[in-house]
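In: here is my input, please return the structure:
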Amino acid sequence: MKTTTIAEIYRDYNKLMNNNLNINWRVRTIRDSKTFWFIELNDWSYFKNIQIVFENNLNNFDDICKLGVWSAITVSWILAPSQWAKQAFELKATEVKIVWESPSDFPLQKKRHSFEYLREIAHLRPRSNTFSAVFRVRSLLAFAIHKFFNENWFIYVHSPIVTWSDCEWAGEMFKISTLDFLNMPKTENWEVDYSKDFFWKEASLTVSWQLNAETFAQSFGKVYTFWPTFRAENSNTTKHLSEFWMIEPEIAFSNLQDDMKLWEDLLKYVFKYILDNADVEMDFFAQFINPEVKIRLEKLVNSDFARVTYTQAIELLKKSWQKFEYPVDRWTDLQTEHERYICEKIYNGPVFLTDYPKEIKAFYMRLNDDGKTVAATDLLVPGVGEILGWSQREERLDVLEKKITDMWMELKDYRRYLELRKYGTTPHAWFGIWFERLMMYITWMENIRDVIPFPRSPKTCEF
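Out: This next block holds a predicted model:
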């Protein structure tokens, strides 16, 4: 039997008027008005519910009236002009078939639940209004990211999750092994003999796709990865996860300025896409999460992104005479309070912070002509501070080799990385952003565990 979705009804109700149609899904509420009853129904094709009117002429009227929240039904109905001023149409039920009746102890009743409680029932929380909105926006945001890169001629690279590389200390790694933990094979030096393991070497889950993206950029020019990554760090904050999704583009024949332009274009594109295509969900966030949620996105879409060097930012912070919890120090990364002060108080908008001291950044970042700073940048946004970071790569083989040896690392461990330079490289740049942190910024949800379906964090591996 062909069914009509709620999304189709809201979109084409004039065309569907006075037609006999069918719809499947779940009961949200049932209430009576003396002579007739109302069922609010949702089939997940649209964020809003739809209301069906039924009367006591139905042969199973009494059974329908007893249905609990999230009971499943199939309804045959006629779409008719509404008698009520607040809606353009109403659905009059001609038949209601009960598919499954929800018990009275269903955990999600029609009342407000805390996010902490909903995390405990993550298998049911997508049925709540908040998480219905969150995961709809998540789907649209992922689509918008792919759409942007596709329209700009990027190649989408599927990179492996299993790796031997630590990606230059991007984070602690989860080790992968098929060895018997109770009877580990040992070498003559009593170290674990990984030659007996599945991959014949020590393997882990990846912390970043950047090396794989860099490899493909030298073949295709513009590439990106968008895949889950893993960090085995004991971070129990509202901004950290052990498993999360990362967006990492890499562009050849480019410098830091090109990279900043790419990120600004991407950010404005996806934010506008959400504002244009998730208006109902964003209205919900504005009503129940934060009234500024749409205003913040609109302001960023229409903002000019400022650019300031790290050295200049340090001087601006010192001249502000602001009392910070952490003292301003040129030789350490700025704290969130410093970053927010820069973008909220000094520039009142998004800021690219560029050219960090080489001592506090990774060896693969391109050394600037001053010999003291590298072509790296962070994007600072009001309300959050740093939202992502990236850099231009060091493409000069001799400079890169010197950096590696100066940091007491072995050149042989980076043979393939160095060969990318040896066999014909170009100036190239990269950035990486946590997809979930982008979701937090869009929805104004305060805990990263509430923007991913099944969060993985220290001591948490449920569902």
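In: farthest residue from the center of this protein?
Out: Using C-alpha atoms, centre = their mean, the residue of the chain lying farthest from its centre is Asn57. It sits 48.9 Å away.
In: next, give phi and psi for that residue.
Out: Per-residue torsions, Asn57: phi -80, psi -10 (degrees, to the nearest 10).
In: do you know how far it is from Phe36?
Out: For Asn57, the distance to Phe36 equals 10 Å [C-beta to C-beta, to the nearest Å]. In short, each C-beta sits where N, CA and C put it, glycine included.
In: same check on Ser457?
Out: Ser457 is 49 Å from Phe36, by C-beta to C-beta.
In: between those two, which one's more packed in?
Out: Ser457 (19 against 13; other C-beta atoms under 10 Å).
In: for that one, phi and psi?
Out: According to degrees, to the nearest 10, Ser457 has phi -150, psi 170.
In: which parts of this protein are helices?
Out: Along the chain, counting by DSSP state H, helices occupy 6-16, 61-65, 115-120, 129-151, 210-220, 256-277, 279-288, 293-301, 310-319, 336-340, 397-406, 415-422, 435-443.
In: quick check: which of those helices is nearest to Phe198?
Out: Nearest of the helices of the chain to Phe198, taken as C-beta to C-beta: helix 210-220 at 20.4 Å.
In: can you name every helix or strand that that closest one contacts?
Out: In this structure, helix 210-220 makes packing contacts with strand 222-230, strand 243-252, helix 415-422, strand 428-434, judged by 3 or more C-beta pairs under 8 Å, 6 or more residues apart in numbering; DSSP states H and E.
In: can you tell me which of the helices of the chain is most buried?
Out: Highest mean neighbour count of the helices of the chain: helix 435-443, a mean of 22 (counted as mean count of other C-beta atoms under 10 Å).
In: how about residues contacting that one?
Out: If you take C-beta atoms under 8 Å, 6 or more residues apart in numbering as the criterion, helix 435-443 is touched by 133-134, 137-138, 141-142, 145, 226, 239, 241, 244-247, 270-271, 274, 285, 289, 293, 296-297, 381, 383-384, 387-388, 445-446, 448, 451-452.
In: contact partners of stretch 309-327?
Out: Here stretch 309-327 has contacts from 308, 328, 330, 334-335, 337-338, 341-342, 345-346, 353-357, 373, using C-beta under 8 Å, 6+ apart.
In: actually stretch 143-157, not the one I typed
Out: Stretch 143-157 is contacted from outside by 209, 212-213, 216, 220, 222-226, 247, 249, 265-266, 269-270, 273-274, 277, 435, using C-beta under 8 Å, 6+ apart.
In: re the thing from before, so which of the helices and strands packed on helix 210-220 is nearest Glu101?
Out: strand 243-252 (36.5 Å).
In: then that closest one to PDB, C-alphas only?
Out: The C-alpha trace of strand 243-252 is given here as PDB (Å, rounded to 0.1, in the frame of the first residue of the first chain):
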ATOM      1  CA  GLU A 243      35.400   8.600  18.700                       C
ATOM      2  CA  PHE A 244      34.300  11.500  16.500                       C
ATOM      3  CA  TRP A 245      34.100  12.600  12.900                       C
ATOM      4  CA  MET A 246      36.700  14.700  11.200                       C
ATOM      5  CA  ILE A 247      36.600  16.800   8.000                       C
ATOM      6  CA  GLU A 248      40.100  17.100   6.500                       C
ATOM      7  CA  PRO A 249      40.600  18.700   3.100                       C
ATOM      8  CA  GLU A 250      44.000  19.100   1.400                       C
ATOM      9  CA  ILE A 251      44.700  21.400  -1.600                       C
ATOM     10  CA  ALA A 252      47.800  21.400  -3.800                       C
END
